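Undergrad: The amino acid sequence is not available; the structure is as follows:
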RNA sequence: GCGCAGGUAGUCUAGUGGUAGGACAACGGCUUUCCGAGCCGUUAGCCCGGGUUCGAAUCCCGGCCUGCGCACCA
């Protein structure tokens, strides 16, 4: 069973009402996997769409979708194949398992790159023992990537991606071309990623298969700015720097004082905060924490996590990293592809250089068929002095100044090739969805009874509107079914429910966060009006059925009160 | 992966060798009709595998899952 003994009230509700379920439940379950049940799936999709609004539609960003499986080369280049594999050692006496590099650094203060042989040697040379004085077993590797094979037989070694980002980096040439080779631009990807966690815990917080929304925003290495920074510059937020000093400060001041390294990092921190607020994360339960130097991933130059306070404590929900040119450089090196971009200078640089201009009339007769190639090489060489030595097909050829003329020429340099740096805001959608649910979960007292109500932002509600006949009989039921159908045709996620008393039904929809209930009552048959009930206040107003779609549209996309749309009921 | 504690209907829980009980939820009916009302009825359960025993939800062993602590979380 999921979260058995101390199952929190909210977890109980999420499972019972169909937000999340344990995967593989009838076969005993498997830690680290969850099913998105109907309501949870809808909620996550809505969060994804708002993320798109923030990080795709309103940025110079395009979204792509690349395979979940990656061939081995990708992760060798990215560094995951080596640094994602931890070497572990197990004590033969007490059975404790340590990460070998951590244990060696801790006990011997030796930095070590994790290879089995290197660790084996250290264990032998220093006769390292466990804290309980037991001997260690042979070091073994714990690969945190799921591996698989492509094709028949032994096949080609491949891994399930541990992040969506690599699919973006390896498509960089195409992407850059798509953006007409002009920085800055970004590429987003929403999808599953996989980590074979040793011991997944805390329900949805650490999963083996999880949902990411990642943005890789490529910028010029010397221009780590964003043209829209002023939009968030005055936002005040809580920062915890790498020395654990807490600042309540605006983003512009944080950049001025060097707490945040550059403007674009600050921009995405601000944008992330706005996004989290939009989906209902509470400002006072949100902070941004800078990674300490020993905490950063192998690729990151600087990294800030958005952390959210939940019943599990502060949990990391977004990582905003400056990955510099690490990934593109590595893929460039391993694939032998040029992953740089040509950047034109605003004004071409004019430089005077000395050039050797070949005298073909001397070169030709002397070197015969080699003359042309020699001339080509000569023109490429930076020249100084009287004599030049060049190498042609392994043969060294000395050329004295009778073969060329030295000219000082002005050359225009119109630009340079640079490997862009990448700023990566990486969102853990599962954790975010869970945090939203926790921050929305509330109880109040209505007429002396405790009421459980999920105060989701209206635009996140999995069921947007419920149509309820006051009485579970004709003609109320048919009328309510008709209205439900009208609302569905207008694109609303609509439930119809005639089971139990009206109060019981209101409670059902309060519990899953449905913001509005439409009630068909006696008066409906007199003047074609219904009541709209507001989840948060339980207040009702009476409106015309014909106006319902328009009114609901306005209500669902804003936070204005229902009293603006009709006369109060009762 | 180690240690501790658990696993009984959808949910919560009682039962600790001999017919598995309740509450809530759900569903049907009657009744009521604007905030979890009432009555009647129905559906539905001992995590999986092995052992001990005449007999196991209960005792033993192994596994899986959940929670907590340690470790891990690039």
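TA: Looks like it came in fine. Quick caveat, the model's predicted, so the values are computed rather than measured.
Undergrad: all strands of the stretch 301-450 of chain A, in order?
TA: In the stretch 301-450 of chain A, strands defined by DSSP state E, counting those that start in this stretch lie at A:302-310, A:313-324, A:341-358, A:388-392, A:395-399, A:404-418, A:421-428, A:441-446, A:449-454, listed in chain order.
Undergrad: Please identify the deepest-packed of the ones you listed.
TA: strand A:421-428 (a mean of 24; mean count of other CB atoms under 10 Å). C-betas here are computed from N, CA, C, even on glycine.
Undergrad: ok, back up a step: now tabulate the strands of the stretch 301-450 of chain A in a markdown table and tack on distance to residue A:487 and mean pLDDT.
TA: As requested, the strands of the stretch 301-450 of chain A are exported to a markdown table (distance: least, CB to CB, whole Å; pLDDT from 0 to 100):
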| stretch | distance to residue A:487 | mean pLDDT |
| --- | --- | --- |
| strand A:302-310 | 33 | 93 |
| strand A:313-324 | 33 | 93 |
| strand A:341-358 | 50 | 78 |
| strand A:388-392 | 79 | 67 |
| strand A:395-399 | 83 | 69 |
| strand A:404-418 | 53 | 78 |
| strand A:421-428 | 31 | 96 |
| strand A:441-446 | 26 | 89 |
| strand A:449-454 | 20 | 90 |
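Undergrad: Please produce CSV containing those strands, extended by distance to RNA strand B.
TA: Output for these, formatted as CSV (distance: least, CB to the nearest atom of the strand, whole Å):
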stretch, distance to RNA strand B
strand A:302-310, 10
strand A:313-324, 8
strand A:341-358, 25
strand A:388-392, 42
strand A:395-399, 46
strand A:404-418, 26
strand A:421-428, 9
strand A:441-446, 5
strand A:449-454, 4
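Undergrad: Now chain A against RNA strand B: closest residue?
TA: Closest to RNA strand B within chain A is residue A:503: 2.6 Å, counting by CB to the nearest atom of the strand.
Undergrad: Quick check: the gap between that residue and residue A:509.
TA: 11 Å (CB to CB, to the nearest Å).
Undergrad: between these two, which one's more packed in?
TA: Taking neighbours as other CB atoms under 10 Å, residue A:503 and residue A:509 compare with residue A:509 leading, 23 against 11.
Undergrad: The helix or strand containing that one vs strand A:441-446, what angle?
TA: Using DSSP states H and E, residue A:509 sits within helix A:502-511. Orientation check (axes from the mean of the first three to the mean of the last three CA atoms, to 10 degrees): helix A:502-511 against strand A:441-446 gives 150 degrees.
Undergrad: So what sits opposite residue A:287 in the bridge?
TA: Beta-bridge partners for residue A:287, by DSSP bridges, are residue A:307.
Undergrad: That one and residue A:247 touch, don't they?
TA: No - Residue A:287 lies out of contact with residue A:247 (CB atoms under 8 Å); the separation is 9.9 Å.
Undergrad: Compare the two and say which one has the larger neighbour count.
TA: Between residue A:287 and residue A:247, counted using other CB under 10 Å, residue A:287 has the larger neighbour count: 21 against 18.
Undergrad: gap between the more buried one and residue A:514?
TA: Distance, residue A:287 to residue A:514, using CB to CB: 31 Å.
Undergrad: Residue A:329 - nearest residue in space that isn't next to it in sequence?
TA: The shortest distance from residue A:329 to any residue other than its chain neighbours is 5.7 Å, reached at residue A:419 (CB to CB, 6 or more residues apart in numbering).
Undergrad: Could you double-check that that neighbour lies in contact with residue A:338?
TA: No - counting by CB under 8 Å, residue A:419 does not reach residue A:338; the two are 9.2 Å apart.
Undergrad: Need the overlap of contacts for these two.
TA: Listed as contacting both residue A:419 and residue A:338 by CB atoms under 8 Å, 6 or more residues apart in numbering are residue A:332.
Undergrad: Show me the strands in the stretch 151-300 of chain A, by range?
TA: Under DSSP E, counting those that start in this stretch, the stretch 151-300 of chain A gives strands at A:156-160, A:185-194, A:209-219, A:236-240, A:246-250, A:286-290.
Undergrad: Give me the sheet partners of the fifth one and which way each runs.
TA: To tie it back to what came earlier, the one meant is strand A:246-250. strand A:236-240 (antiparallel).
Undergrad: Give the rounded mean pLDDT of the partner strand.
TA: Here strand A:236-240 scores 96 as its mean pLDDT.
Undergrad: residues contacting residue A:490?
TA: Neighbouring residues of residue A:490 by CB under 8 Å, 6+ apart: A:549, A:552, A:553.
Undergrad: which residue packs closest to the first one, ignoring adjacent ones?
TA: The shortest distance from residue A:549 to any non-neighbouring residue, by CB to CB, 6+ apart, is to residue A:490 (4.1 Å).
Undergrad: What residues does the stretch 101-250 of chain A have near RNA strand B?
TA: A:102, A:144, A:162-163, A:193, A:195, A:197-203, A:206 (CB under 7 Å from any atom of the strand).
Undergrad: mind running it again at 10 Å?
TA: Taking CB under 10 Å from any atom of the strand as the contact definition, the stretch 101-250 of chain A meets RNA strand B at A:101-103, A:105-106, A:131, A:142, A:144-145, A:161-163, A:165-166, A:193-195, A:197-208, A:210, A:212.
Undergrad: Buried subset of those as a ChimeraX selection?
TA: Buried residues among those (16 or more other CB atoms under 10 Å), as a ChimeraX selection:
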select /A:101,103,144,145,161,162,163,165,166,193,194,195,200,203,204,205,206,207,208,210,212
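Undergrad: pLDDT below threshold where in the stretch 201-350 of chain A?
TA: For the stretch 201-350 of chain A, no stretch is flagged by pLDDT under 70.
Undergrad: change it to 90
TA: Low-confidence segments of the stretch 201-350 of chain A (pLDDT under 90): A:201-206, A:292-302, A:310-313, A:343-350.
Undergrad: hmm, stretch A:279-294 in reach of RNA strand B?
TA: Yes - using CB under 10 Å from any atom of the strand, stretch A:279-294 reaches RNA strand B at A:291, A:294.
Undergrad: Next one: the nearest residue to residue A:13 once chain neighbours are set aside from residue A:39, what distance?
TA: In space, and not counting its chain neighbours, residue A:13 is closest to residue A:511: 6.5 Å by CB to CB, 6+ apart. From residue A:511 across to residue A:39, the span is 10 Å (CB to CB).
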